[in-house]
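Enquirer: Attaching a predicted model along with its sequence, questions to come.
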Amino acid sequence: GLKMRCVVLVWGSAAGLIASGRARGWRGLRAVASEEIGRQHFIRDIVEKDLAAGRIGQVVLRFPPEPNGYLHVGHAKAICLNFGLAKDYAGRVHMRMDDTNPEKEEVKYERAILDDVRWLVGDGGDEPWDGEVRFASDYFDDMYAFATSLIERDLAYVDSQSAEEIRATRGTLKSPGTESPFRNRSRDENLELFRAMRAGDFEDGSVVLRAKIDMGSPNVNMRDPVLYRVRNARHARTGSTWPIYPMYDMAHALSDAIEGITHSLCTLEFQDHRPLYDWVVEQHSSWRDSPRGERPRQIEFSRLNLQYTVTSKRKLNGLVSAGRVEGWDDPRMPTISGMRRRGVPAAAVRLFCERVGISKAESRLDPSLLDDCTREILEETAPRAFCVLDPLRVELLDCDDLEELEAPRHPKFEALGTRRLRFGGGGDICVDRDDFWDTETR
């Protein structure tokens, strides 16, 4: 008989059924993963204890990417964690764009991010997140009012030092910082200067608003961190309304507090920033008189690192800008769009993130684990078809009768149906070139 050189796997939509009768898709995958490896982890324990103790009434999470590039495989872990917890505990997830850096952000990235999240955890119906897409820029007025309140409470001041001077006086891990000569400006002077910053009276980098905390703190992040900087740049959503923009540490914490986020999940590089996060939330709560139970809690977990894989947005952007790849969705890129274009099913990415697990231990995984998950999902969901890699057309001279054969689309799962094969009828067939030889030449 003919040697068939390969098997082509053609996967369908996540709406099909696998032989076990489980629906393919997010909920079906969660059941499979739970049965196979278990899914309990320390964040789950925290959430369950908070619910049992009545600290929270409902789990409210958020996924807040910065729209300055496409999402990569590391973001997939955060997406699956947040949306998975919300599903399991009848909670909700806020989709929020952290659009506080207008010089690097673009609307095209916002669209790509939303498409990736829909593909990864959506079910083809309603949006997987709660309500409308939120933006940090939605709260710029609130953030400005909060910063003003800090000045009024002598908890912030306008610093006229340059960025280099601020860096030089910040201190090191072994030595304390040095107070700015502008740290003791009067409240009225600080308010006047901050209003001038808001009015656009300063050039970029000439002044900043800093929190007044503790220049001798062992945590460098608590040494009077910058809260606002001057950026005379046009914003995609607010235009030229704002010549000043909040720093991430403040915008992140305030957005969580404003939205009533219960658990702010982030990777370990933000662990040293948690005291500042808590300080901002505390000051916002005392300003707004929020009940203690409504305050968000930051929890860190290890990021997803793959061997031989670059996940830095800056470096990935460099590959795109230099024309070394076709774009952010190039199949060779470790982006979610790249994996999707490469043919990796969304269920395989979710299963991969499930098996990676959630912990505080840093590790670097072999990319073959993702390949294994892809094969496992396709094994249960992909119809089969034979093909010839190196075809040679053969004319059938003595086979005028047309014969139709029925072949299964999957050798194990009858639910995937059958396909019809045609043979004969005076037509031609294709065989692999390696399966043909002329006896006179051998």
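Expert: Received it, and whenever you're ready, just let me know what you need. Please read these numbers as outputs of a predicted model, since none were measured by experiment.

Enquirer: Please make it C-alpha for all contacts and neighbour counts, starting now.
Expert: Fine.

Enquirer: Give me the most central residue, the protein.
Expert: Nearest to the geometric centre of the chain sits residue 75, at 2.8 Å (C-alpha atoms, centre = their mean).

Enquirer: What distance do you get for that residue to residue 63?
Expert: 9 Å (C-alpha to C-alpha, to the nearest Å).

Enquirer: Could you do residue 171 as well?
Expert: 33 Å.

Enquirer: what about the two, which has more around it?
Expert: residue 63 (22 against 19; other C-alpha atoms under 10 Å).

Enquirer: pLDDT at that one, what is it?
Expert: Listed pLDDT for residue 63 reads 97.

Enquirer: Name the nearest residue to it, sequence neighbours excluded.
Expert: residue 95 (5.3 Å; C-alpha to C-alpha, 6 or more residues apart in numbering).

Enquirer: What's the separation between that neighbour and residue 348?
Expert: Taken as C-alpha to C-alpha, the span from residue 95 to residue 348 is 23 Å.

Enquirer: I'd like the distance between residue 66 and residue 347.
Expert: For residue 66 relative to residue 347 (C-alpha to C-alpha), the value is 25 Å.

Enquirer: no wait, residue 298
Expert: Residue 298 is 28 Å from residue 347, by C-alpha to C-alpha.

Enquirer: quick one, which of these two is more surrounded?
Expert: residue 347 (24 against 20).

Enquirer: I figured the more buried one was touching residue 377, is that so?
Expert: Yes. Under the criterion of C-alpha atoms under 8 Å, residue 347 makes contact with residue 377 at 6.9 Å.

Enquirer: What about the residue nearest to residue 63, how many residues nearby?
Expert: 22.

Enquirer: In three-state terms, label it for me.
Expert: strand (DSSP: H, G, I helix; E, B strand; the rest coil).

Enquirer: can you give me how far stretch 375-389 is from the chain middle?
Expert: 29 Å (C-alpha atoms, centre = their mean, to the nearest Å).

Enquirer: Oh, that last question was meant for stretch 171-184, not what I typed.
Expert: Counting by C-alpha atoms, centre = their mean, stretch 171-184 comes out at 36 Å from the chain centroid.

Enquirer: what do you get for stretch 200-214?
Expert: Worked out by C-alpha atoms, centre = their mean, stretch 200-214 lies 31 Å from the chain centre.

Enquirer: Any buried residues in that stretch, and which?
Expert: 200, 202, 204, 207-214 (16 or more other C-alpha atoms under 10 Å).

Enquirer: cool, and stretch 373-390?
Expert: Those would be 373-375, 377-384, 388, for stretch 373-390 by 16+ other C-alpha under 10 Å.

Enquirer: Out of the residues you listed, flag the one nearest to residue 105.
Expert: residue 374 (32.3 Å; C-alpha to C-alpha).

Enquirer: Find the residue closest to that closest one in space, skipping its chain neighbours.
Expert: residue 348 is the one closest to residue 374 (C-alpha to C-alpha, 6+ apart), at 4.8 Å.

Enquirer: need the contact list for that neighbour.
Expert: 370, 373-374, 376-377 (C-alpha atoms under 8 Å, 6 or more residues apart in numbering).

Enquirer: Same list, the residues you listed, but as TSV with distance to residue 253 please.
Expert: Shown next, in TSV, are the contacts of residue 348 (distance: C-alpha to C-alpha, whole Å):
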residue	distance to residue 253
370	33
373	36
374	37
376	40
377	38
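
Enquirer: Kindly reformat the residues you listed as CSV and extend each row with distance to residue 439 and secondary structure.
Expert: Below are these laid out as CSV (distance: C-alpha to C-alpha, whole Å; DSSP: H, G, I helix; E, B strand; the rest coil):
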residue, distance to residue 439, secondary structure
370, 47, helix
373, 46, helix
374, 43, helix
376, 43, helix
377, 45, helix
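
Enquirer: Pretty sure residue 419 sits in a strand.
Expert: Yes. Assessed by three-state DSSP, residue 419 belongs to a strand.

Enquirer: Check the gap between it and residue 144 for me.
Expert: Taking C-alpha to C-alpha, one finds residue 419 at 64 Å from residue 144.

Enquirer: for this structure, what spans make up the helices?
Expert: 26-37, 42-53, 73-88, 107-121, 140-152, 163-168, 187-199, 248-259, 274-288, 313-321, 336-342, 346-356, 368-381 (DSSP state H).

Enquirer: Centre of the chain to the second one, how far?
Expert: In other words, helix 42-53. Distance, stretch centre to chain centre, for helix 42-53: 23 Å (C-alpha atoms, centre = their mean).

Enquirer: Identify the farthest-apart pair in the buried residues of stretch 200-214.
Expert: That would be 200 and 214, which, of the buried residues of stretch 200-214, are the farthest apart (C-alpha to C-alpha) at 29.0 Å.

Enquirer: before we move on, back to that, check the gap between the residue nearest to the centre of the chain and residue 312 for me.
Expert: The value you get for residue 75 to residue 312, if C-alpha to C-alpha is used, is 11 Å.
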